[in-house]
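Student: okay, here's the prediction I keep looking at, along with the sequence it came from:
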Amino acid sequence: MENRITAWEASGLMVRGEKPLTIEEVFDHVPEIGSPVVQKALMVGGRRVDDWLANVRESDSHILGIVGRRYRVVQNMDAFRFGSDIIEQSGACIDSVGVVNGGSLVWFALNINHDVVIAGDQDERLSTYLLLSNGHDGKHAIGASIITLRLSCNNQLAFAMKNAQRTFRVRHTNGLDGRLMEARHALNVAFKYTDEVAALGEHFIRQPFDHSDLDDFLKTLVPLAPEPSDRQITIAENRRAAIKHTLFHAPDLEKIKHTKWGVLQAVSDWESHQTEVRSSRQNTREQARMARLLTGRQTYGNRALALLS
């Protein structure tokens, strides 16, 4: 199998080098996120629009979003100062930073230095990443989401766990005490989430999966609508075949391909690295994949988790 890289590494404007950078150094290095965002009046037919404003990146006058007059901009430097508190309290490091949707959503990926190993197998080491984001389009508040990374294949596990929160909004505050409380809360949420995923892995890696059931599993996982077109049939069959091929041929799944954990990882590998994504005027394919990760959960991964449970 070809090398797998994470969505944040593939789409980042800056990826971690030999020397970890501080939040402040990142802003100096990446003008796309370092530039202030200002609000400007909208004009239509020579007349000022009273109820709406444009959020504009000052460095190049790029419009990031149209918002109501009551909307207040949170500058990226202020939003991600929270990341400095995470770094100080956990020994985290900035893995990469970037933008999606033309800069209307800015993100930082932090490795928060919390690894767990499933069943004592170093090939099943999970690492914890915190994705911080700040939006300027009126749709996204300052937010955070936890991603558990299976290091042997860089599968990005973003499951909806019953007993652990994965996403949350960050309360914007300038006070140090408030920021430290937010940072501690974020770390506690992240640690609990990864521990829950690890507990799931400990259970699933001991649960056998009969490959004679695989075709039925894949038909349920990738269903067809009633009276599908030939194109829909082809797409579904290709997706099922890709997951099956990953399960049987990925070297990192050789030891676990007869377990539920192995099947779940095959689905996660396909969803993390192989699913079809389209580029657009605002996003490259890599950025589109990152946008999907930032704004939603793993649809197929969660469906597979439900079926295997």
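Tutor: Yep, it's here. Residues are numbered from 1 along each chain as shown.

Student: next secondary structure after the helix or strand where Thr148 lies?
Tutor: Following DSSP states H and E, one finds Thr148 within strand 143-150. For strand 143-150, the following helix or strand on the C-terminal side (DSSP H and E) is strand 155-157.

Student: re earlier: mind listing the strands the strand holding Thr148 pairs with, and their directions?
Tutor: Taking DSSP bridges as the criterion, strand 143-150 sits next to strand 125-135 (antiparallel), strand 155-157 (antiparallel), strand 167-169 (antiparallel) in its sheet.

Student: helices of the stretch 151-300 of the chain, residue ranges please.
Tutor: Assigned by DSSP state H, counting those that start in this stretch, the stretch 151-300 of the chain shows helices spanning 176-204, 214-221, 230-249, 260-269, 285-295, 299-308.

Student: can you tell me which strand in this structure is longest?
Tutor: For the chain, the longest strand by residue count, based on DSSP state E, is strand 105-117.

Student: tell me what that strand is packed against?
Tutor: On a contact count with 3 or more Cβ pairs under 8 Å, 6 or more residues apart in numbering; DSSP states H and E, strand 105-117 meets helix 81-90, strand 93-100, strand 125-135, helix 176-204, helix 285-295. Every residue, glycine included, has its C-beta placed from N, CA and C.

Student: so what pLDDT did the residue of the chain positioned farthest from its centre get?
Tutor: No residue in the chain sits farther from the centre than Gly46, which is 41.9 Å out by Cα atoms, centre = their mean. Looking at Gly46, its pLDDT is 81.

Student: just read off the phi/psi values of it.
Tutor: phi 80, psi 0 (degrees, to the nearest 10).

Student: what's the spacing between it and Lys40?
Tutor: 16 Å (Cβ to Cβ, to the nearest Å).

Student: now Pro226
Tutor: Distance, Pro226 to Lys40, using Cβ to Cβ: 50 Å.

Student: swap in Gly65?
Tutor: 12 Å.

Student: what mean pLDDT does the longest strand of the chain get?
Tutor: Mean per-residue pLDDT for strand 105-117: 94.

Student: got the angle for it vs helix 81-90?
Tutor: Per axes from the mean of the first three to the mean of the last three Cα atoms, to 10 degrees, the angle that strand 105-117 makes with helix 81-90 is 20 degrees.

Student: mind listing what's buried in strand 105-117?
Tutor: In terms of neighbour count (16 or more other Cβ atoms under 10 Å), strand 105-117 has its buried residues at Leu105, Val106, Trp107, Phe108, Ala109, Leu110, Asn111, Ile112, His114, Val116.

Student: got these as JSON lines, with distance to Val189 columns?
Tutor: Converted to JSON lines, those look like this (distance: Cβ to Cβ, whole Å):
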{"residue": "Leu105", "distance to Val189": "21"}
{"residue": "Val106", "distance to Val189": "21"}
{"residue": "Trp107", "distance to Val189": "17"}
{"residue": "Phe108", "distance to Val189": "16"}
{"residue": "Ala109", "distance to Val189": "16"}
{"residue": "Leu110", "distance to Val189": "13"}
{"residue": "Asn111", "distance to Val189": "16"}
{"residue": "Ile112", "distance to Val189": "11"}
{"residue": "His114", "distance to Val189": "11"}
{"residue": "Val116", "distance to Val189": "15"}
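
Student: follow-up on the earlier one: neighbour-wise, which of Pro226 and Lys40 wins?
Tutor: Lys40 (12 against 4; other Cβ atoms under 10 Å).

Student: is it true that the more buried one touches Ala54?
Tutor: Yes: if you go by Cβ atoms under 8 Å, Lys40 and Ala54 touch, sitting 5.0 Å apart.
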